[in-house]
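*Asks:* please work out how this folds:
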Amino acid sequence: MRRAIGGRPWLTATALGATIAGTCTRLWATGVFDALRRNPSGLAHGQLWRLVSPVLVQGDPSVISIIAVFMTCAAVGVLGEALLSRRAWISLYVLGVLVGHGIGEVFQPHQSGTSVAFAAILGGIAARVLRDARYRFWRWRVCVLIPLAVLDTVVRDIHGLPFLAGLLAGLLITPRRERATEPEHQ
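*Replies:* Below you'll find the model as predicted:
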């Protein structure tokens, strides 16, 4: 069932709350960060949790950067909860974690963060905008994001690929709406 704008964004709050808690552990010791961050050597030695655990700690060195990431992710997450079903939101979040931290093992080893999960949700939102006639005004703006995501990947940043994966997944799961009618609740 889709949540209306103004409702409680439980999924966003839960996801960001877990990352905030993990990130706060860095105040006392680096052990948790080291155990959860990306580590290609650890992954090669069977530490499979390293494909998902980096989402639980934000690796930015600056508090201002961390706050900016959390605010951006909160905005994307809340909008995603308003436009996508809960199942789609969770699926896109997990897809972003796997794709983002998977490519991160190659492009940016020994880092971490939650932004890749929300990049996939942003891709799902973009798919919704492209497939729903009510958002025609925003379509060309969303289309600009596609080459930017490709360029982001070419320059070895880890956010473009999760966005593109979220866009593709969103196009596959989002029903096409040609008329500007009220959406069916899922």
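*Asks:* where does this protein have low pLDDT?
*Replies:* 1-6, 178-186 (pLDDT under 70).
*Asks:* in the chain, what residue spans correspond to helices?
*Replies:* Under the criterion DSSP state H, the chain contains helices at 10-24, 31-36, 40-44, 63-83, 86-107, 115-131, 136-154, 160-173.
*Asks:* those: which one's closest to L56?
*Replies:* helix 10-24 (3.8 Å; Cβ to Cβ). Quick note: C-beta positions are derived from backbone N, CA and C, even for glycine.
*Asks:* correct me, but Y135 touches A126?
*Replies:* No - here Y135 lies out of contact with A126, judged by Cβ atoms under 8 Å, at a distance of 9.9 Å.
*Asks:* quick one on the thing from earlier: tabulate the helices of the chain (a markdown table), appending mean neighbour count.
*Replies:* Formatted as a markdown table, the helices of the chain follow (neighbours: other Cβ atoms under 10 Å):
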| stretch | mean neighbour count |
| --- | --- |
| helix 10-24 | 17 |
| helix 31-36 | 16 |
| helix 40-44 | 14 |
| helix 63-83 | 17 |
| helix 86-107 | 21 |
| helix 115-131 | 27 |
| helix 136-154 | 14 |
| helix 160-173 | 23 |
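*Asks:* I'd like those helices as a markdown table, with distance to P54 appended.
*Replies:* Converted to a markdown table, the helices of the chain look like this (distance: least, Cβ to Cβ, whole Å):
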| stretch | distance to P54 |
| --- | --- |
| helix 10-24 | 10 |
| helix 31-36 | 6 |
| helix 40-44 | 11 |
| helix 63-83 | 13 |
| helix 86-107 | 5 |
| helix 115-131 | 8 |
| helix 136-154 | 18 |
| helix 160-173 | 13 |
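*Asks:* looking at the ones you listed, which is nearest to V52?
*Replies:* Of all the helices of the chain, helix 86-107 comes closest under Cβ to Cβ, at 5.4 Å.
*Asks:* picking that back up, wait, which of the helices of the chain is closest to R50?
*Replies:* Across those, R50 has its closest neighbour in helix 40-44 (4.7 Å, Cβ to Cβ).
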